[in-house]
Each structure stands twice: as structure tokens, then as C-alpha cells.
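A.B. asks: whatever this is, show me its structure:
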Amino acid sequence: MQIEVQNTPDKNVINFFPEVAISKSNNAEFADSKTLRKSPLAERIFDIGGIKSVFINKEMISVTKEDNASWDDLKALILAELMEFLSTGEEVIIEKNQPDSPEEIIQKIMGLLDARIRPAVKQDGGDIKFKKYEDGIVYVEMCGACAGCPYALHTLKEGVEKIIKSYIPEVKSVENYEK
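C.D. replies: Next comes the predicted model:
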């Protein structure tokens, strides 16, 4: 099985793209013992050590390492775990029947921002920070070059909002946070 490895602008995050579909469900982030129970794959990756979080969606696994860990040590171990686990055909994410709690939705939003959105925004000299999630609305703050950019609202609505809404159906809109 081939797995494409993609570095991101964040030196602590690497994305892994297996040639097979990873999950039948929406995306999920795993960063603590409570959430880890919902993904045997994330549990195995955490067992390697030096891992801060694992974000999984249908086509990729994004791994965030701890600051003091080294990708030289971790990358091969993660690839081995991915290949072994995906060859078993076991479910990557254990589904539950009740809707996500606001805390779980926030974890998903944060994972998506870190894995997909922030790296793209950082390439243009900006950043985007999560502020709050309330009644289906995600509030973010555009920072750096994005803060004064005339295209910031377009980026927010046509880029950020579309991505988040496509992965997290509970989100109704993404708005700029007004201080």
C-alpha cells in the first residue's frame, strides 16, 4: 500500500494520504484519552509516543507531534502503523448514534483549521484563529496579512466557510470575530 506523505507549513504537522479511503464517516480529531477510544487507529498512533493529536477524514490522516519529538523518529513508525492497520479492514472511527456535543464539534473545527486551513492561509503571510462556536456559527479572527487584506471576507466565506461546512454539517456559517 502506498501512502503519500505531505509536509505542512507547521513543522509539527504532517499529513498522510493512503491510496484507500480511510473512513466512511465525517472527520474527527483525537487528542485525549476520551476521544481516543473512538478510533483504534488513533490509539495506535498515540501509543508510538510524542504525538499531540491525530485528525482523520475520508482521505487523510493528519498527525501533530509534540514540540520535543522528531519526525525522523516518528514518520516511519506512523507509516508502519497506518499500513498495518489499514490492511486489517477494521473501522478507523467507531461510530456513535448520538449527535456530537459542542465540545466535539469544536475539536473537529480546531482539527480542520490546523490540518487544512491554517497551512494555506500561512502561505500568504496570514493566520486564522478560532475564537468560539455558538449556535452553529464559528467565529474566527483573521490575523497577519489577512487582517487588513481586502480579500479577507472572500477568503473567509468562499474558502474557510465552504471547507468547514463540507466536513462539519453542524456548522451553519463562519463569521469574522468582532472584538
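A.B. asks: chain neighbours aside, what residue packs nearest to the residue most central in space within the chain?
C.D. replies: Geometric centre of the chain, nearest residue: residue 111, 3.1 Å, by Cα atoms, centre = their mean. Take residue 111 and drop its neighbours on the chain: the residue closest to it by Cβ to Cβ, 6 or more residues apart in numbering is residue 29, 3.2 Å away. In this view, the C-beta of every residue, glycine as well, is placed from N, C-alpha and C.
A.B. asks: dihedrals phi and psi, the one you found?
C.D. replies: With angles defined as degrees, to the nearest 10, residue 29 shows backbone torsions of phi -110, psi 140.
A.B. asks: just residue 55 next, same as before
C.D. replies: In terms of degrees, to the nearest 10, the main-chain angles of residue 55 are phi -110, psi 130.
A.B. asks: wait, it sits on residue 42?
C.D. replies: No. Using Cβ atoms under 8 Å, residue 55 is not in contact with residue 42, being 9.0 Å away.
A.B. asks: give me the common contacts of those two.
C.D. replies: Common neighbours of residue 55 and residue 42, counting by Cβ atoms under 8 Å, 6 or more residues apart in numbering, are residue 30.
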